[in-house]
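Student: Got a predicted structure here, sequence first:
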Amino acid sequence: MDDYPLLNLFWTMLWLFLWVMWFFLLFKVITDIFRDHELHGWGKAGWLILVLLLPYIGVLVYLIVRGKSMSQRDVKQAQANEKAFQDYVQKAAGPRSSPAEELAKLSSLKEQGHLTQQEFDKAKEKLLA
């Protein structure tokens, strides 16, 4: 441990952190290139070549030129995911019936003898609350 002082350990950790963050940013930019529907074939190819051949300059230029629209695409994607989740929950929960329909079901159950008057009154009170 004497040949690798604590300061060198911190320095190594800093470089490792920066290296991981660089790859995260690089993958984020590449993902955004392919996700953008306004950018067509040659535009995507050009940005991809620039980002892969000159990675530091390419990513920096991409963030300067298209950074604002990049965040707008992220927000749009998050909203689409949220809407898809809400639609799934609505579909899984099934159609919601109105209180009048529920009251009619309770009434028919009472008439068929499946509910007593007390159970009917309790369920009706809960339904109308």
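Tutor: Cool, the structure landed. All of these numbers come straight from a predicted model, not from anything done at the bench. Residues are numbered from 1 along each chain as shown.
Student: Give me the contacts around the helix or strand hosting residue 50.
Tutor: Taking DSSP states H and E as the criterion, residue 50 maps to helix 41-53. With contact meaning CB atoms under 8 Å, 6 or more residues apart in numbering, helix 41-53 is reached by 26, 29-30, 33-34, 36, 39, 57-59, 61-62. No exception for glycine: its C-beta is placed from N, CA and C like everyone else's.
Student: export the residues you listed to JSON lines and tack on distance to residue 97 and secondary structure?
Tutor: Formatted as JSON lines, the contacts of helix 41-53 follow (distance: CB to CB, whole Å; DSSP: H, G, I helix; E, B strand; the rest coil):
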{"residue": "26", "distance to residue 97": "52", "secondary structure": "helix"}
{"residue": "29", "distance to residue 97": "49", "secondary structure": "helix"}
{"residue": "30", "distance to residue 97": "48", "secondary structure": "helix"}
{"residue": "33", "distance to residue 97": "48", "secondary structure": "helix"}
{"residue": "34", "distance to residue 97": "44", "secondary structure": "helix"}
{"residue": "36", "distance to residue 97": "43", "secondary structure": "coil"}
{"residue": "39", "distance to residue 97": "47", "secondary structure": "coil"}
{"residue": "57", "distance to residue 97": "61", "secondary structure": "helix"}
{"residue": "58", "distance to residue 97": "57", "secondary structure": "helix"}
{"residue": "59", "distance to residue 97": "54", "secondary structure": "helix"}
{"residue": "61", "distance to residue 97": "57", "secondary structure": "helix"}
{"residue": "62", "distance to residue 97": "52", "secondary structure": "helix"}
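Student: hmm, back to that, now do the buried residues in the helix holding residue 50.
Tutor: Residues of helix 41-53 classed as buried: 47-48, 50-51 (neighbour count, 16 or more other CB atoms under 10 Å).
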